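Student: Any chance you can model this:
(one chain, ligands or ions: 1)
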Amino acid sequence: MYFETDAIVLRANKSINNDIFLTLFTKKAGKMEVVSNGAKSSKSPLAACSKPFVFGRFILNTKTKTMKITSCDIHDSHFRIADDLNSLAFGNYFIELCNLTIYPNIADAEHFQLIVEIIHLLSLQNIDYNLLRAAYLIKLAKITGHKPHFDNTCIHCGESTDQFYFSIHSGGMICPNCKGGTDPIKLNHQFISIMMYLMEKDVRVIVKTKIHPNYTVKIIEIFEKFLMVHQGITKIKSKDFLDIL
Ligand SMILES: [Zn+2]
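Tutor: Below is the predicted model:
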């Protein structure tokens, strides 16, 4: 039995022999763990496709317990990402977050399309990487089913309000009466419209927009916390490296 699908490589773990174990995000079946036999050898026809960020058409042999890659037709290897420390750090962050928020055997066309576009944009370089990061985080909140509630009614009591506090734990706007403890973050209209823009617009359009770093940095801080709380993520390992760049 063979299974053919477009996929992007999220992780490559070498084993003790010449094989490389890969985590793929496949278009047709979500996350899949596969083995690329002999790919550690540079002479192997599978060596070129057995690296993170490779986007291609994979044919998998499904007979064995761990599926084997039979062949791959590479659409784009995105090799430029690894040439630059900055784009590599962001790339590792994007594929780690992707890996943490997808599931085996569950296709997710919207997320698949988004990560393919993000990795492609990253490989072109000369873009605002933090803006791309803010856009991915905010879209991920929506994709994973925790779309934040940004309108001017309080998520707790339903009263309308013109003073905006965003609660990460509640996942939306709360009014001054309900805001209570230390979690709520005061936001202004401009900030909310930027968040809506990043959530709804195509990422290829977003990267052509100029947004002040004060906003992107704050959005990253809020939505990393938001995702960790609502997705039960305890650590994003690649973030440490990203934060010291
Ligand atoms: Zn309220």
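Student: Just the pLDDT at the residue nearest the centre of the chain, thanks.
Tutor: Per CA atoms, centre = their mean, the C-alpha nearest to the average position across the chain is that of residue 98, at 3.9 Å. The per-residue pLDDT reported for residue 98 equals 98.
Student: can you check residue 245 too?
Tutor: Taking residue 245 on its own, its pLDDT is 78.
Student: On the C-terminal side of the biggest strand by length in the chain, identify the next helix or strand.
Tutor: Identified as the longest strand of the chain according to DSSP state E is strand 2-14. Once strand 2-14 ends, the next helix or strand along the chain (criterion: DSSP states H and E) is strand 20-26.
Student: so how far is that next one off the chain centroid?
Tutor: 16 Å (CA atoms, centre = their mean, to the nearest Å).
Student: quick one: secondary structure of the residue with the largest distance to the centre of the chain?
Tutor: What lies farthest from the middle of the chain is residue 177; by CA atoms, centre = their mean that is 35.1 Å. Put simply, residue 177 is coil when judged by DSSP: H, G, I helix; E, B strand; the rest coil.
Student: Let me see the contact set for it.
Tutor: Residues in contact with residue 177 (CB atoms under 8 Å, 6 or more residues apart in numbering) are 154, 157, 159. Where C-beta positions appear, they are placed from N, C-alpha and C, glycine not excepted.
Student: quick one: the strands in the chain?
Tutor: Here the chain has its strands, by DSSP E, at 2-14, 20-26, 30-36, 55-61, 67-76, 164-167, 172-174, 185-187.
Student: ok, residue 78 to residue 93 distance?
Tutor: Using CB to CB, to the nearest Å, residue 78 is found at 15 Å from residue 93.
Student: More neighbours: the two, which one.
Tutor: More neighbours surround residue 78 than the other of residue 78 and residue 93, with 23 against 20 (other CB atoms under 10 Å).
Student: Am I right that that one is in contact with residue 120?
Tutor: Yes: using CB atoms under 8 Å, residue 78 is in contact with residue 120, at 7.1 Å.
Student: Quickly list what's touching both of these two.
Tutor: Common neighbours of residue 78 and residue 120, counting by CB under 8 Å, 6+ apart, are residue 55.
Student: ok, back up a step: tell me, which of the contacts of residue 177 make contact with the ion?
Tutor: Restricting these to those touching the ion (CB under 5 Å from the ion) yields 154, 157.
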